[in-house]
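Q: Next one to model:
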Amino acid sequence: MNVPQMTRICALAWLTAPAVMFAQDEYLKEAGLPPTFHCGDREDLQMTHKDRLCYWWTNSFNAQMIFGAAFNSALDPIFNNSTNKYWGQGADGYFRRFGTRVAQSFVKGSGQALVGAIAHEDPRFYESRKTGFGPRFWFALEHTLVVKVDCGEGIEDCKKERFSVGRVGGAFSSGFVGMLWTPDPINKPGDALVRSGTAMSGYLASSLWKEFQPDVMRLVSKLFKRAPQPALPNRNKK
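A: As a prediction, this is how the structure comes out:
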């Protein structure tokens, strides 16, 4: 697959996802929830179609994803000796690998958004509010594939949880879309399943990060926190 074909796939996802997510506003109206725009940052509020579009975009195409794709594509020849053989060498091979990673990430986010919107899923990750490493770790592990349900006929629906078909759909979309352009020697269904598993591991990493991010940030803050400087004597004081 060449660059124009990859661009058309991303454009199709761009045009289709908003149409599905617009329907979610009806559920919010029935639940009587405020239409506050928060891009998914407010856990106490449900998501309008604007929030969903913002969440989809910021999680499918962002600086972190671009940097990760560029960094991993540069490391491929070092850790995978067959990369140059399959993808080509030099700048051409690098940009093929880079474009593949960007396209797969975009399709993963779009697949989750589309399937999740149809299934009325809340795509966000949540903290457990539990104590102890074990309970928190197992909560994050379980909620890799468990999501909250959008408000349907009432507020009580917001408290329900279920298996996430959206995340599974996003992972498989990311894994199998690459079969359109990946070189034949590494383009079998088994390879697509491996890519899907890698995409699913990204959800696991996001779930763990959501749970333990406050602890990590506190640790980093302590490591780099400067010791208080002694007060300088007041020379004007007699």
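Q: quick one: the strands in this protein?
A: Secondary structure of the chain (DSSP state E): strands located at 146-148, 161-163.
Q: show me where the protein has helices.
A: Per DSSP state H, the chain carries helices over the ranges 3-21, 25-31, 49-60, 63-79, 83-87, 90-118, 133-142, 165-177, 189-224.
Q: Could you name the stretch from those helices that's closest to C39?
A: Closest to C39 of the helices of the chain is helix 49-60 (Cβ to Cβ; 3.8 Å). Any C-beta I mention is one placed from the backbone N, CA and C, and that applies to glycine too.
Q: what mean pLDDT would you report for that closest one?
A: Averaging pLDDT along helix 49-60 gives 79.
Q: returning to what we had before: so which of the helices of the chain is nearest G40?
A: G40 sits nearest to helix 49-60 of all the helices of the chain, at 3.9 Å, using Cβ to Cβ.
Q: what angle separates the closest one from helix 189-224?
A: Calculated by axes from the mean of the first three to the mean of the last three Cα atoms, to 10 degrees, helix 49-60 forms an angle of 90 degrees with helix 189-224.
Q: Once you drop chain neighbours, what's closest to S206?
A: Closest residue in space to S206, ignoring its immediate chain neighbours: F125 at 5.8 Å, by Cβ to Cβ, 6 or more residues apart in numbering.
Q: Please disregard the earlier target; I meant A69.
A: Take A69 and drop its neighbours on the chain: the residue closest to it by Cβ to Cβ, 6+ apart is R101, 3.8 Å away.
Q: who touches stretch 161-176?
A: Stretch 161-176 is contacted by residues 104-105, 107-117, 119, 121, 123, 144-149, 192-200, 203 when judged by Cβ atoms under 8 Å, 6 or more residues apart in numbering.
Q: buried stuff in it?
A: Within stretch 161-176, the residues scored as buried using 16 or more other Cβ atoms under 10 Å are 164-176.
Q: now do stretch 93-112
A: Neighbour counts over stretch 93-112 (16+ other Cβ under 10 Å) mark 93-94, 96-112 as buried.
Q: Turn the buried residues of stretch 161-176 into CSV, including pLDDT and distance to S73.
A: Listed next are the buried residues of stretch 161-176 as CSV, based on pLDDT from 0 to 100; distance: Cβ to Cβ, whole Å:
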residue, pLDDT, distance to S73
S164, 92, 29
V165, 93, 30
G166, 92, 27
R167, 93, 25
V168, 94, 26
G169, 93, 25
G170, 92, 21
A171, 92, 20
F172, 93, 23
S173, 91, 20
S174, 89, 16
G175, 89, 18
F176, 91, 20
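Q: between those residues, which is closest to I66?
A: Nearest to I66 among the buried residues of stretch 161-176, counting by Cβ to Cβ, is S174 at 16.0 Å.
Q: Tell me which residues touch the nearest residue to the closest one once chain neighbours are set aside, please.
A: Distances taken as Cβ to Cβ, 6+ apart put K108 closest to S174, at 3.6 Å, once the chain neighbours are dropped. By Cβ under 8 Å, 6+ apart, K108 lies in contact with S60, G170, A171, S173, S174, A199, G202.
Q: just those now: which is nearest P214?
A: Nearest to P214, judged by Cβ to Cβ, of the contacts of K108 is G202 at 20.8 Å.
Q: and the gap between that closest one and L53?
A: To L53, G202 is 21 Å away according to Cβ to Cβ, to the nearest Å.
Q: same thing with Q46?
A: From Q46 across to L53, the span is 15 Å (Cβ to Cβ).
Q: between those two, which one's more packed in?
A: Q46 (23 against 17; other Cβ atoms under 10 Å).
Q: S128 versus the more buried one, what's the distance?
A: Q46 sits 20 Å away from S128, going by Cβ to Cβ.
Q: May I ask you to confirm that R52 is in contact with Q112?
A: No. Contact criterion Cβ atoms under 8 Å: R52 and Q112 do not qualify, at 10.9 Å.
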